[in-house]
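Asker: need coordinates for the below:
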Amino acid sequence: MERRTIGAAALEVGAIGLGCMPMSWAYTSSQQRGDRSLRTVHAALDAGVNLLDTADMYGPFTNELLLGRALKERRADAFVSTKVGLLVGDQHIVANGRPGYVRRACDASLRRLGTDVIDLYQLHRADPEVPVEETWGAMAELVSAGKVRALGLCAVGARASRRPGAGLHEGTIRQLERVQQVFPVSAVEAELSVWSPEALEGLLPWCEARGVGFLAAMPLGNGFLTGTMTPGEGFEPDDPRARHPRFTAEMMAANQPLVAGLRRVAERHGPATTPAQVSLAWVRAQGRHVVPIPGTKRERWAVENAAAAGLDLTPRDLSEIASLPKARGSWD
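Answerer: Numbering: from 1, shown residues only. All right, here's what the predicted structure looks like:
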């Protein structure tokens, strides 16, 4: 698989990563099975994927334990990204950016993952009660101690914290400017897909100008852009899509032209090419520092997603995708 170099630390990762969250957190919990997920991780590694993206809150903790089982045999094949800063309680999630907690959480993640070093340690959310510089400084100490190779910031929750009238990622960019004064940012993780392209407007250019890697979360639109979902089929009660405005039967039907457009592009590249692969290729095409990290818990999809690293879209393809109608339905 093509390798991409991101961040000041010159981290080398595959052009497609693997989001591990669905294996242990949200998204049809009845289908979360450890052994099957473990086979999925191995299938992804076999296909050339090396970036495994997790977090201590996924489960909580069980996703890191799952990856630890795979890393026992294949640590040299993997680039491990995990996150700190969120605590899961009963029916609530809270941020914790206190330096002492960050240090303890890192040690706990290392134990669960069964490794001596975390390749990329990301701040999942900033704690509003702790200056972000203090949290980042504690994370930088972990680099000096040899427990972490590089630092990143996760901006997936930017929608929830947006001020009225502000750009989607204005707050994230302000945080990045602050922490960059303390220790270099190697990567930013944020949503980017054909139906959620907002990061192209400010956040992606910020990263490109500074050599910061961009890890594209939800590059398949939470599954919608794969073309495998049927409007009105419903979701399990604990699946976040059951409450998302874009996943009502009405909005899923209204957004089918997006999938149809991706399918037309796929057909030009041969019968084996899928809308999901076109979606991932579009994300890859947004810059050499961009790495999509589609999440899945099934071997079949992990292998299909990995194959998108070899799909290069033509100028005609990109122009056609750019002309597709914007997604309908609020995403807030």
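Asker: can you give me every residue that contacts the residue nearest to the spatial centre of the chain?
Answerer: The residue lying closest to the centre of the chain (Cα atoms, centre = their mean) is residue 217, at 2.9 Å. By Cβ atoms under 8 Å, 6 or more residues apart in numbering, the contact set of residue 217 is 19, 156, 189, 190, 191, 192, 293. Where you see a C-beta, it was placed from the backbone N, CA and C, and this is true even at glycine.
Asker: any chance of those residues in CSV, with pLDDT and secondary structure too?
Answerer: Formatted as CSV, the contacts of residue 217 follow (pLDDT from 0 to 100; DSSP: H, G, I helix; E, B strand; the rest coil):
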residue, pLDDT, secondary structure
19, 97, strand
156, 69, helix
189, 97, strand
190, 96, strand
191, 95, strand
192, 97, coil
293, 98, coil
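Asker: out of the residues you listed, which comes closest to residue 245?
Answerer: Of all the contacts of residue 217, residue 191 has the smallest distance to residue 245: 15.1 Å, by Cβ to Cβ.
Asker: now the residue lying closest to residue 284 once chain neighbours are set aside: phi and psi?
Answerer: Spatial nearest neighbour of residue 284, excluding adjacent residues (Cβ to Cβ, 6 or more residues apart in numbering): residue 15 at 5.9 Å. Backbone torsions for residue 15, taken as degrees, to the nearest 10, come to phi -70, psi -20.
Asker: neighbours around residue 15, how many?
Answerer: 23 (other Cβ atoms under 10 Å).
Asker: residues contacting it?
Answerer: 1, 2, 3, 4, 284, 291, 309 are the contacts of residue 15 under Cβ under 8 Å, 6+ apart.
Asker: now the second one. Nearest residue, chain neighbours left out?
Answerer: Spatial nearest neighbour of residue 2, excluding adjacent residues (Cβ to Cβ, 6+ apart): residue 15 at 4.2 Å.
Asker: got any ranges where the stretch 201-332 of the chain has weak pLDDT?
Answerer: 330-332 (pLDDT under 70).
Asker: from residue 36, how far out is residue 205?
Answerer: As judged by Cβ to Cβ, to the nearest Å, residue 205 and residue 36 stand 39 Å apart.
Asker: can you tell me the helix or strand for residue 150?
Answerer: strand 148-154 (DSSP states H and E).
Asker: show me how far that strand is from its chain's centre.
Answerer: 14 Å (Cα atoms, centre = their mean, to the nearest Å).
Asker: tell me the helices and strands packed up against that strand.
Answerer: strand 118-123, helix 132-144, helix 170-180, strand 187-191 (3 or more Cβ pairs under 8 Å, 6 or more residues apart in numbering; DSSP states H and E).
Asker: what does stretch 308-321 rub up against?
Answerer: In contact with stretch 308-321 (Cβ under 8 Å, 6+ apart) are residues 1-2, 14-16, 48, 194, 261-262, 264-265, 268-269, 273, 276-278, 280-282, 284-285, 292.
Asker: list buried residues within those residues.
Answerer: Taking 16 or more other Cβ atoms under 10 Å as the criterion, what is buried in those is 14-16, 48, 194, 261-262, 265, 269, 273, 276-278, 280-282, 284, 292.
Asker: what about the residues you listed, which are in helices?
Answerer: 261, 262, 265, 276, 277, 278, 280, 281, 282, 284 (DSSP state H).
Asker: which residues of the chain fall in helices?
Answerer: Under DSSP H, the chain gives helices at 34-46, 62-74, 99-113, 132-144, 170-180, 203-210, 249-254, 256-268, 275-284, 299-307, 315-322.
Asker: pull out the buried residues from the third one.
Answerer: For helix 99-113, a neighbour-count test (16+ other Cβ under 10 Å) marks 101, 102, 103, 105, 106, 109, 110, 112, 113 as buried.
Asker: closest to residue 167 among these?
Answerer: For the buried residues of helix 99-113, the nearest to residue 167 is residue 102 (28.5 Å; Cβ to Cβ).
Asker: kindly provide the distance from that closest one to residue 175.
Answerer: 16 Å.
Asker: go through stretch 41-50 and flag the buried ones.
Answerer: Across stretch 41-50, burial judged by 16+ other Cβ under 10 Å covers 41, 42, 43, 44, 45, 47, 48, 49, 50.
Asker: please report phi then psi for the last one.
Answerer: In this case it means residue 50. Dihedral angles of residue 50 (phi, psi; degrees, to the nearest 10) stand at phi -120, psi -20.
Asker: that one against residue 78, yeah?
Answerer: Yes - the criterion here is Cβ atoms under 8 Å, and residue 50 meets it with residue 78 at 5.7 Å.
Asker: residue 60: neighbour count?
Answerer: 16.
Asker: for residue 107, which non-adjacent residue is spatially closest?
Answerer: Leaving aside its sequence neighbours, residue 107 is closest to residue 147 (7.6 Å, by Cβ to Cβ, 6+ apart).
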